[in-house]
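**Student:** Just to be clear, the model below is a prediction. Sequence and coordinates:
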Amino acid sequence: MDNALLRFLQYLGNQVTRRIWRLGFASRFFLAIFLQSGTAFRRLNLTLREIYFTGVLSLIIILVSGLFVGMVLGLQGYDTLQRYGSTEALGILVALSLVRELGPVVAALLFASRAGSAITAEIGLMKATEQLSAMEMMAVDPIARVVAPRFWGGVVSMPLLAALFSAMGIFGGYLVGVQLIGVDEGSFWSQMQASVDFRQDILNGVIKSFVFGIIVSWVAVFEGYDADPTAEGVSGATTRTVVTSSLAILAADFILTAFMFRGA
């Protein structure tokens, strides 16, 4: 019994030490990205290419998902508001739900699944095929040449994708609420415009999406750079990117919401 307890404590200690070590390494890696970001800004074509890869190529899933989320909100919101005789407030419900919460969060989860996993797999394969080592042999810093452009491409793309997700979701809510169910179009738009505040709602949603973009991009490039140079290692790093990013997004969303809307 004592030996089993000792082995368990040893295993637990090793796991905690390993997690702390990885967190420290990830923090140093994050700092190195900022210090080496000059190349990403001087050679803007590198960053623009990554914006296209992470942002433009993610548009289809973002727009389609936003449309259907808005349509579901319209259906569910109308059913709920009808019980209280407040169907004219459907525009407020759809807009605030998307701009404050669902837009940034769902877009970030989709971004992590599509773009984050692709970034990790790409960097991991470059490490497995020794392309990163070859860059170091040629005195080219792989963090400046490979990692930083992908990081900033993700950071720039995420707020834009979240805004498009929210806009498409509002359009979906309009299609269901006004065109399908028959809610008054004037009430739908006018109450939405009167109730959605730029600083309290829209700006806070943009801040959320910007933070989520940093989180997803950081996790994606770190996991790819730290992946074992094997097929199994790259596969595991890609899985960790999606899982870690999703949990970090939900945790950060709670923290940001607590600070942003506690006085609302």
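**Tutor:** Nice, I can see it.
**Student:** tell me the centre residue of the protein?
**Tutor:** What sits nearest the mean C-alpha location of the chain, by C-alpha atoms, centre = their mean, is residue 108, with 2.7 Å.
**Student:** for that residue, what are its contacts?
**Tutor:** 158, 162, 209, 212-213, 215-216, 245, 249 (C-beta atoms under 8 Å, 6 or more residues apart in numbering). All C-beta atoms are positioned from the backbone trio N, CA, C, and that covers glycine.
**Student:** do residue 33 as well
**Tutor:** 143, 147-148, 151, 218, 221.
**Student:** Reformat these as TSV; add neighbour count, secondary structure and pLDDT.
**Tutor:** Output for those, formatted as TSV (neighbours: other C-beta atoms under 10 Å; DSSP: H, G, I helix; E, B strand; the rest coil; pLDDT from 0 to 100):
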residue	neighbour count	secondary structure	pLDDT
143	20	helix	88
147	26	helix	90
148	26	helix	91
151	28	helix	93
218	22	helix	94
221	27	helix	93
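**Student:** and after whichever strand or helix holds residue 70, which helix or strand comes next?
**Tutor:** Assigned by DSSP states H and E, residue 70 falls within helix 59-82. Sequence-wise, the next helix or strand downstream of helix 59-82 (DSSP H and E) is helix 90-96.
**Student:** contact partners of that following helix?
**Tutor:** By C-beta under 8 Å, 6+ apart, the surrounding residues in contact with helix 90-96 are 70, 73-74, 77-78, 81, 169-170, 173-174, 177, 183, 187-192, 195-196, 201.
**Student:** quick one on the thing from earlier: point out the other helices and strands that the helix holding residue 70 packs with.
**Tutor:** On a contact count with 3 or more C-beta pairs under 8 Å, 6 or more residues apart in numbering; DSSP states H and E, helix 59-82 meets helix 90-96, helix 103-111, helix 148-174.
**Student:** Tabulate those in CSV, adding columns for distance to residue 119.
**Tutor:** Shown next, in CSV, are these (distance: least, C-beta to C-beta, whole Å):
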stretch, distance to residue 119
helix 90-96, 32
helix 103-111, 10
helix 148-174, 5
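**Student:** Quick one: closest of the ones you listed to residue 47.
**Tutor:** Of all the helices and strands packed on helix 59-82, helix 148-174 sits nearest to residue 47, with 4.7 Å by C-beta to C-beta.
**Student:** Would you mind listing the buried residues in that closest one?
**Tutor:** For helix 148-174, the neighbour count (16 or more other C-beta atoms under 10 Å) marks 148-170, 172-174 as buried.
**Student:** what residue ranges in the stretch 51-200 of the chain score low on pLDDT?
**Tutor:** Along the stretch 51-200 of the chain, no part satisfies pLDDT under 70.
**Student:** can you give me how far the helix or strand containing residue 19 is from the chain middle?
**Tutor:** Per DSSP H and E, residue 19 falls inside helix 2-35. Offset of helix 2-35 from its chain centre (C-alpha atoms, centre = their mean, to the nearest Å): 25 Å.
**Student:** tell me which residues in that helix are buried?
**Tutor:** 26, 29, 32-33.
**Student:** do the same with stretch 223-231
**Tutor:** For stretch 223-231, the neighbour count (16+ other C-beta under 10 Å) marks 223-227 as buried.
**Student:** For that stretch, measure first residue to last.
**Tutor:** End-to-end distance for stretch 223-231, by C-alpha to C-alpha, to the nearest Å: 14 Å.
**Student:** Just put the buried residues of helix 2-35 in JSON lines and tack on distance to residue 61.
**Tutor:** Output for those, formatted as JSON lines (distance: C-beta to C-beta, whole Å):
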{"residue": "26", "distance to residue 61": "27"}
{"residue": "29", "distance to residue 61": "28"}
{"residue": "32", "distance to residue 61": "31"}
{"residue": "33", "distance to residue 61": "26"}
